[in-house]
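>>> no sequence on this one, just coordinates:
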């Protein structure tokens, strides 16, 4: 039965050849796809959507590879939505989790345990001097909520500036920070949040060079403060490169100018490194370092735990002190198992050279994507750095009309041919290429070949 299913769903014989992998998945003996779909339909909240017309059942992972119930292998270019940093079931991380789970699974931070301060110290060693105090949470939404609270407490101001097209979480607080209508419900959200124009030169209302657009966009932040706030702000929050928004970013001068404006008006600068952190952008460990700025607060999640529920807020001691004025507690923040996973992840990034791999393989991928843009007019823009890349598909390069259906068709074709990736942007027309950082040059070439075929079919 499994062999028949595998043959039925196998990639076409004319498809590019997938690089070899010596991992052999275990036989799957769980519920069938039909049974799982039925259980989800009956018992799981329908907000949990699935990709693909024929949803993929993923039952096993190994580094950059995923396997379905038939044993078919897929190259993972989405990394669990930019969460699997060092690789699926990385042996170092797996061993750390298993070892800690066998000794102590939970005791809370009211007791001493070595993993919490060890992880905090390791994070501080990766930060610019002064950013050396960390509070651990379970998700990026929690981390961003906490960063905003600390900013308001420390400055005594209330207003917060975020960017249009941003995504900072789905809690009532972070939903207010998020600026994509597709992620926002008509319910009360954080008040005092204002959204500035996005500096992305591809869809900016401003004209000029990317640097000129960045400067005009920074001036929009200044005007927003003058016209929409009391003249003082608590914080500015931004992703160095927007993730769910479609891998958008401004020229290097943008964040430098905005940080100066925010600080001149009494605010703190928050870098949301949930997707850009931990070496993914290649040249630097943190996304903000690519723009030559130092934030007051750094939030992180996803790749920090390689799939473990772990997030963090790192800041200066005097800002962190604001939370000590009252009782503040996170039941699972600092959990020994999550801390063990985080420590192992940081070690694996260094020991496996994954930041450098992100730089080298990411550059190879981007070069290939730019070649595809030259030969396929449906590609409107290629952007990003390291292993955080985006390909925006448009029906017309002059009008930049979003190629929504074509994007879906490309994603489906690539899945059929063994490559899983994501899509994002307000219109869902940006291919998101953000694989585990252990991806190889051969994997990149294979993915580019499949993508080239998919784009050729979309004409």
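Received the coordinates, thanks. Here the structure is a predicted model, which is why all the values come from computation and not from measurement.

>>> and the nearest residue to residue 310 once chain neighbours are set aside, what pLDDT?
Leaving aside its chain neighbours, residue 310 sits nearest to residue 338 (4.3 Å; criterion: CB to CB, 6 or more residues apart in numbering). Heads up, the C-betas are built off the backbone N, CA and C, glycines and all. On pLDDT, residue 338 comes in at 97.

>>> what of residue 329?
88.

>>> find the centremost residue of the protein, please.
residue 275 (2.9 Å; CA atoms, centre = their mean).

>>> my read is it is in a strand, agree?
No. Residue 275 is assigned coil when assessed by DSSP: H, G, I helix; E, B strand; the rest coil, not a strand.

>>> residues in contact with it?
82, 239, 241, 243, 302, 303, 388, 434 (CB atoms under 8 Å, 6 or more residues apart in numbering).

>>> quick one on the thing from earlier: the residue nearest to residue 310 - how many residues pack around it?
Residue 338 is flanked by 26 other residues according to other CB atoms under 10 Å.

>>> list the contacts for it?
So residue 338 contacts 136, 138, 305, 308, 309, 310, 332 (CB under 8 Å, 6+ apart).

>>> try residue 283
289, 290, 359, 385, 386.

>>> repeat that for residue 258.
Applying CB under 8 Å, 6+ apart to residue 258 gives the contacts 218, 221, 236, 238, 269.

>>> please identify the helix or strand for the nearest residue to residue 322 once chain neighbours are set aside.
Counting by CB to CB, 6+ apart, the nearest residue to residue 322 once its immediate chain neighbours are dropped is residue 153, at 3.9 Å. In this assignment (DSSP states H and E), residue 153 forms part of helix 140-155.

>>> rewinding a little: against residue 422, how distant is the residue nearest to the centre of the chain?
Separation of residue 275 from residue 422 (CB to CB, to the nearest Å): 11 Å.

>>> where do the contact lists of the two overlap?
By CB under 8 Å, 6+ apart, the residues touching both residue 275 and residue 422 are residue 434.

>>> next up, the contacts around residue 251.
With CB under 8 Å, 6+ apart, residue 251 has these contacts: 199, 201, 209, 210, 211, 213, 214.

>>> now do the buried residues in the helix or strand where residue 359 lies.
Using DSSP H and E, residue 359 maps to helix 354-375. Judged by neighbour count using 16 or more other CB atoms under 10 Å, the buried positions of helix 354-375 are 354-355, 357-366, 368-369, 372-373.

>>> ok, now stretch 309-325?
Buried residues in stretch 309-325, counting neighbours by 16+ other CB under 10 Å, are found at 309, 310, 311, 312, 313, 314, 315, 319, 320, 322, 323.

>>> ok, which stretches of this protein are helices?
2-9, 33-43, 79-82, 91-101, 115-126, 140-155, 172-177, 210-228, 253-264, 317-320, 336-351, 354-375, 404-416, 441-457 (DSSP state H).

>>> can I get those in a markdown table including distance to residue 185?
Shown next, in a markdown table, are the helices of the chain (distance: least, CB to CB, whole Å):
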| stretch | distance to residue 185 |
| --- | --- |
| helix 2-9 | 36 |
| helix 33-43 | 22 |
| helix 79-82 | 20 |
| helix 91-101 | 34 |
| helix 115-126 | 33 |
| helix 140-155 | 14 |
| helix 172-177 | 7 |
| helix 210-228 | 23 |
| helix 253-264 | 28 |
| helix 317-320 | 31 |
| helix 336-351 | 29 |
| helix 354-375 | 34 |
| helix 404-416 | 22 |
| helix 441-457 | 33 |
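
>>> which of these is buried the deepest?
Mean neighbour count (mean count of other CB atoms under 10 Å) peaks for helix 140-155 among the helices of the chain, with a mean of 24.

>>> which strands or helices does that one pack on?
strand 133-137, strand 160-163, helix 172-177, strand 235-238, strand 268-272, strand 297-300, strand 311-315, helix 317-320 (3 or more CB pairs under 8 Å, 6 or more residues apart in numbering; DSSP states H and E).

>>> quick one: closest of the ones you listed to residue 115.
Proximity to residue 115 (CB to CB) singles out strand 133-137 among the helices and strands packed on helix 140-155, at 10.1 Å.

>>> what's the angle between the closest one and helix 115-126?
130 degrees (axes from the mean of the first three to the mean of the last three CA atoms, to 10 degrees).

>>> quick one: mean pLDDT for strand 133-137?
Strand 133-137 comes out at a mean pLDDT of 98.

>>> strands paired with it, and their directions?
Partners of strand 133-137 in the sheet, by DSSP bridges, are strand 311-315 (antiparallel).

>>> state the distance from residue 360 to residue 384.
Look at residue 360 and residue 384: by CB to CB, they are 15 Å apart.

>>> scratch that, residue 268 is what I was asking about
Separation of residue 268 from residue 384 (CB to CB) stands at 27 Å.

>>> next, give phi and psi for residue 128.
phi -60, psi 150 (degrees, to the nearest 10).

>>> what sits against it?
Contacts for residue 128 (CB under 8 Å, 6+ apart) come out as residue 294.

>>> just give me the neighbour total for the closest residue to residue 40 other than its chain neighbours.
Once flanking residues are discounted, residue 40 sits nearest to residue 48: 7.5 Å by CB to CB, 6+ apart. For residue 48, the count of nearby residues is 7 (other CB under 10 Å).

>>> could you double-check that residue 48 lies in contact with residue 55?
No. With contact defined as CB atoms under 8 Å, residue 48 does not count as touching residue 55 (11.4 Å).

>>> domain map for this structure?
As given by automatic domain parsing, the domain ranges for the chain are 2-76+354-457, 93-351.

>>> what about the shortest one, average pLDDT?
Spelled out, that is domain 2-76+354-457. Per-residue scores along domain 2-76+354-457 average to 93.
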